[in-house]
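K.L.:
Whatever this is, show me its structure:
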Amino acid sequence: MEVRKAVLPVAGWGTRFLPATKAMPKEMFPIIDKPVIQFIVEECLDAGIENIIFVTGRHKRPIEHHFDINTDLEKHLESCGKTDLLKNIMEISRLINPIYVRQKEQLGLGHAVLVAEPIVGYEPFIVCLGDVILKDEENVLNRMIEVYKRFGKSVIAVFEVEERDVSKYGIINGRYIEKDIYIIDDLVEKPKVEEAPSRLAIVGRYLFTPRIFEKLKITPPGKGGEIQLTDAIKLLLEEEAVYAIKIDSKVYDTGTPMGYIQTILDFALQREDLRDGLIKYIKSLIIETSEV
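P.N.:
Down below sits the predicted model:
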């Protein structure tokens, strides 16, 4: 069965960025001139996924506006001769089929995925976290779809982290099959360094068979009364294989203030129109700091 849909859970409160997220979703924070969520959507489009299911909350309307058609803005850009900008905003609003479903209560990532079940139906689907940007020459979702087509089972993207960072992530315990592919035996959520089974961390890209919904429905609430996606995957492991694909992508976590700042700096340094000026400014800051 073809993978045709992607679920983007974007209903979280974004408390790390308050008060900024009181009125503006963190997924709409700009990486210079493009919001974080657009990078995720473009990644899905590049993998041939046009049906994007946004699991939202009542405070996430700006996301809906961003992917809607704005005829007044398009006419303005056309009249000003700003054809490149016009082409950009027309593509992102017209190429995807956005579907919005409300997560009425913030009951965890697992619950957010379960909310999308009536729209996903009984078919495989992708889940992309809305605050993780991946930069790679090869589209990670395409690679995951290839693994799914081979084995017909769920696939999770992982990347290798430093030992000191394992406590920040869900870590897999897996058996190596072949180049970059593992079969998962267990998952440990944010383990202590001495208890981590590996340094392979879940990176926020999943491809699930529809059986994950069965497991989410019987997953008991965990800390804070939330239904954890990791717990549901562990239940799935009891009945069918789940694979992991190790990626070498540059991973940008925009969900924390430091990660967001680092992402902006990296992307700015990769742009010809900003790089030289930014380097000059950073050097001047270093000189000022060293003189204090």
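
K.L.:
in what helix or strand does the closest residue to Y169 other than its chain neighbours lie?
P.N.:
Of all residues not flanking Y169 in the chain, A201 sits nearest, at 3.5 Å (Cβ to Cβ, 6 or more residues apart in numbering). C-beta coordinates here come from the backbone N, C-alpha and C atoms, glycine included. Secondary structure from DSSP states H and E places A201 in strand 200-208.

K.L.:
Y122: what's it in contact with?
P.N.:
The contact partners of Y122, by Cβ atoms under 8 Å, 6 or more residues apart in numbering, come to P210.

K.L.:
Tell me if I am right that it is in a strand.
P.N.:
No. Counting by DSSP: H, G, I helix; E, B strand; the rest coil, Y122 is not found in a strand; it is coil.

K.L.:
Give me the below-cutoff pLDDT ranges for the stretch 1-150 of the chain.
P.N.:
Within the stretch 1-150 of the chain, the set of residues satisfying pLDDT under 70 is empty.

K.L.:
And the strands in it, which stretches?
P.N.:
Counting by DSSP state E, counting those that start in this stretch, one finds strands in the stretch 1-150 of the chain at the ranges 5-9, 30-31, 34-35, 51-56, 97-102, 125-128, 132-135.

K.L.:
Quickly list what the residue nearest to Y169 is bridged to.
P.N.:
Using DSSP bridges, the bridge partners assigned to A201 are F159, I171.

K.L.:
From the structure, what's the count of residues near it?
P.N.:
As a burial measure, A201 scores 22 neighbours (other Cβ atoms under 10 Å).

K.L.:
Also P19?
P.N.:
P19 has 7 nearby residues by other Cβ under 10 Å.

K.L.:
What of V113?
P.N.:
Applying other Cβ under 10 Å, we find 25 other residues in the vicinity of V113.

K.L.:
swap in K192?
P.N.:
9.

K.L.:
ok, the residue nearest in space to the middle of the chain - contacts?
P.N.:
For the chain, L129 is the residue whose C-alpha lies nearest the centre (Cα atoms, centre = their mean; 2.7 Å). Contact partners of L129, counting by Cβ under 8 Å, 6+ apart, are L8, P9, I40, L109, G204, R205.

K.L.:
got the phi/psi numbers for it?
P.N.:
Note on L129: backbone dihedrals following degrees, to the nearest 10 are phi -70, psi 140.
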